[in-house]
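Trainee: here is a sequence together with a model predicted from it:
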Amino acid sequence: MKYIGLYIGPIVALILLHVSLSAFAIELIDVKVPVTLKKAYDVRYNDPLNCVEATSQYIIQQKSFNVNSKGIIEERPPARPIYPFPMQLLAFCYAQIEDYANALNLLQPLLKNSNVSSDDIRTLNMIALDIPEEARPQFSNLSLLKMLSATEASIQKTPLTDSLNLAITLQFAISKLSLQENHYSNALSALEKAKKEIQGNPNIELHAWLAYYYGLYYDQINQPQLAASSFLLANQLANKHAFIELSGQAKRSIANLYQKKYRFTTALEFTKQSIELYLGTENKVKQAESLIQFAVLKRQNNENNQALIYLFNALELIENNKHSDLLAHVYLEIGRTYLATKNADRSNSELALAQKYLQNARFHFAHLNKPRYQIESLLLLAQLNIISKDPALAILQLEKVLQLSTNNYLSLRVQAFEMLALSYEITGDLQQAILHFKNFHALQNRIKEHLFELQQLQISEQLELFEKTQQQEQLEIENTQLQIATDRFKTLTYSSMSLLTLVSMLLCYAYIANKKLSNADKLAQQQLAVHPRSKLPLQYADSNQFAAIYRGEPLYYALVQIPFLARINELLGIDNATKIEEKMGEALKIYFTSSVDIFQLRDNQILFISKQTEHQNAGNFATKIEQFFTAFSAKYHLPNTVSCGIVTFPFLNNASRAITPSRILNLSSLALFAASQIREVKQQNSWVELYAIDNLQPAFFDGNLWILGQAAIDKGLVKIKSSHTDYVINWLKLDN
């Protein structure tokens, strides 16, 4: 604590203590507080432990309850009924010190009421807003959203008369959970409903929370400027009116926003304000959390010694409170900070301290059943052992990471695969190193695909937000026109000119804005239409462009697998690999000119489409493709074998449109499967052509072409030509 005093503003803290009593709990809005609970209610933020004690005593007096050593309330035979607010207040105070288990134990029984009452809504709001998803496994975000939506529908049918503001806080809860599930449209819809309900409402705290949740929404859809504006507005209102909980959350969100921009000075300033805010209270947990956030920012700003000072201050605050969850996080961050010391400055003693605190963190997280943070501890311990030249122990720890993570925590699994590859490389087991590097590469691509889908959702939401803004502006124009029309007899000429000018300016603004958006959309579509490295057209199996290529002349569809593309990063390094793939794309366009349409379907698969009249036969077409890759591989010293699967389009001469161009890719993949098998066995270039017998009935291929194609080969309805006629292809067992 001796270091914290450097940043305390004693006068500010005293003022906050004095005025904070006026703020209510947003989750407990519109509730009637008994006189005997007024003191406990007033200190729910400043001194939540005192609140817990006072509220527990009240409940014991009102009804025969027993508070055990863990703070859990056990019911004895009832003396007289008690209404839910004391239980809700007690749960709220437990949530303030992050004792979520006790909070949930108190709130869950209150949901048994079949009627949708004000107390039910408050209970739902508290579970959604105050208890994180990992602390309430029986209430997932999606299940809570269903309950909240059903409650919203009930309120619309039968509005609440005793708690008019609860409908607004309900929308806040829906918005928060929707954002956590990446349901951006639902989140915005909830905020717009809250905004409509809040118009004309004199309650400043509701307006401040609305600004804060808009900030969360803008941050989630990657609009940092709008997010910063909303957070700063919420923070300004919270500071002015001493809304402690909102003030703390707003400062934390602002710091996180600037942290993502690497503006550590600004992020540190807001985190420092958060420390000063909670130092004016007796909430040790919030004080420790603010110190941890400040320390993490210091470490990211390469101020490790300062970071350790604040982490040990946080440790001192919570060490005696036995707050295991937060204590484990402090141990984790202390170990991470010792490990983050630069190699030139790092000593054996610092590595030993890092190991000590990371092992403590791992023990606590294992005891608390927190697999994600247990995995983080193991990854850091493995990193430490690699530095200490003990790769065998690192391998054991990383295998434990894979066991704990299964298909969860993909970002942590990808780190584990990368570190396993490095550890096996150090031990000299190159086969295992290559295996884990492949796993690393595959999982990294999977994560990139997920991020791409998320970015597409964000872009879609941004466009929708822009359209809604335009619609709102248009409605405002129409409203202005109606107002002007009522006074047209008084100021007809002036009003007409003003309206014309206003409409012209708005139309110009809309035209310019739409033009910019259209150009940006075209640019984005162009970038998404080509492979990021080879610059070849990037198409998918359902693309309409395949159908446009066919103009009545038979085509060859040649799907080529280039194995060196799957390993090019590890063969050449990422920078060189990117340049080589770009050169390959340019060379393909030059070599085949405009006579062949070329598409990249996957990182290591390229599709060539050519008229049959350009080649004597499929083998001639495959040879031309092989010659290109043989020459290109030799030039850059790459593995030179490729495999080529060829089919013709139309595949059925008697029914040219029975199998569409997009579906025929399944047959190309089947041919490529056979060709790749030959290539792997013979270690030579290979090609396989599949062609149907004359007058084959189209109905045979009504279904999954991958399965039906193999069935047709088995029955002799589809014939095979191959570069290696002596090789017997081992087809996969048909899925019947």
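Mentor: Alright, I've got the coordinates.
Trainee: so what's the nearest residue to Leu106 once chain neighbours are set aside up against?
Mentor: The shortest distance from Leu106 to any non-neighbouring residue, by CB to CB, 6 or more residues apart in numbering, is to Ala91 (4.1 Å). C-beta here means a position set from N, CA and C on the backbone, and glycine is covered the same way. Residues in contact with Ala91, defined by CB atoms under 8 Å, 6 or more residues apart in numbering, are Asn102, Ala103, Leu104, Leu106, Leu107, Met126, Asp130.
Trainee: what does Gln677 give?
Mentor: With CB under 8 Å, 6+ apart, Gln677 has these contacts: Ile729, Asn730.
Trainee: roughly how far apart are it and Glu282?
Mentor: 71 Å (CB to CB, to the nearest Å).
Trainee: ok, now Leu572?
Mentor: Distance check for Leu572 against Glu282: by CB to CB, it reads 60 Å.
Trainee: buried ones in stretch 295-309, by neighbour count?
Mentor: Ala295, Val296, Leu297, Lys298, Arg299, Asn301, Glu303, Asn304, Gln306, Ala307, Leu308, Ile309 (16 or more other CB atoms under 10 Å).
Trainee: of the residues you listed, which belong to helices?
Mentor: Judged by DSSP state H, the buried residues of stretch 295-309 include Ala295, Val296, Leu297, Lys298, Arg299, Asn304, Gln306, Ala307, Leu308, Ile309 as members of helices.
Trainee: for the fourth one, which non-adjacent residue is closest in space?
Mentor: The spatially closest residue to Lys298, leaving aside those adjacent along the chain, is Ala307, at 3.9 Å (CB to CB, 6+ apart).
Trainee: my read: the one you found touches Ala295, true?
Mentor: Yes: applying CB atoms under 8 Å as the test, Ala307 and Ala295 come out as touching, 4.3 Å apart.
Trainee: any idea how far the residue nearest to Gln684 when sequence neighbours are not counted lies from Leu111?
Mentor: Using CB to CB, 6+ apart and skipping the chain neighbours, the partner closest in space to Gln684 is Thr641 (6.2 Å). To Leu111, Thr641 is 64 Å away according to CB to CB.
Trainee: these two: which is more packed in?
Mentor: Thr641 (20 against 14; other CB atoms under 10 Å).
Trainee: for that one, helix, strand, or coil?
Mentor: Look at Thr641: counting by DSSP: H, G, I helix; E, B strand; the rest coil, its state is coil.
Trainee: how about the helices of the stretch 501-650 of the chain, start to end?
Mentor: 545-549, 563-566, 568-572, 574-592, 618-636 (DSSP state H, counting those that start in this stretch).
Trainee: can you lay out those as JSON lines showing distance to Ile244, mean pLDDT and mean neighbour count?
Mentor: Output for the helices of the stretch 501-650 of the chain, formatted as JSON lines (distance: least, CB to CB, whole Å; pLDDT from 0 to 100; neighbours: other CB atoms under 10 Å):
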{"stretch": "helix 545-549", "distance to Ile244": "59", "mean pLDDT": "68", "mean neighbour count": "15"}
{"stretch": "helix 563-566", "distance to Ile244": "55", "mean pLDDT": "88", "mean neighbour count": "20"}
{"stretch": "helix 568-572", "distance to Ile244": "51", "mean pLDDT": "86", "mean neighbour count": "18"}
{"stretch": "helix 574-592", "distance to Ile244": "48", "mean pLDDT": "88", "mean neighbour count": "16"}
{"stretch": "helix 618-636", "distance to Ile244": "63", "mean pLDDT": "91", "mean neighbour count": "17"}
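Trainee: a markdown table for those, including distance to Pro537?
Mentor: Compiled in a markdown table, these are given as follows (distance: least, CB to CB, whole Å):
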| stretch | distance to Pro537 |
| --- | --- |
| helix 545-549 | 8 |
| helix 563-566 | 16 |
| helix 568-572 | 20 |
| helix 574-592 | 10 |
| helix 618-636 | 17 |
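Trainee: which among those is found nearest to Leu291?
Mentor: helix 574-592 (38.6 Å; CB to CB).
Trainee: summarise which helices and strands the closest one is packed against.
Mentor: For helix 574-592, the elements it packs on are helix 568-572, strand 596-602, strand 605-611, helix 618-636, judged by 3 or more CB pairs under 8 Å, 6 or more residues apart in numbering; DSSP states H and E.
Trainee: which is the next helix or strand following the host helix or strand of Lys146?
Mentor: Using DSSP states H and E, Lys146 sits in helix 141-157. Going down the chain from helix 141-157, the next helix or strand is helix 166-180, by DSSP H and E.
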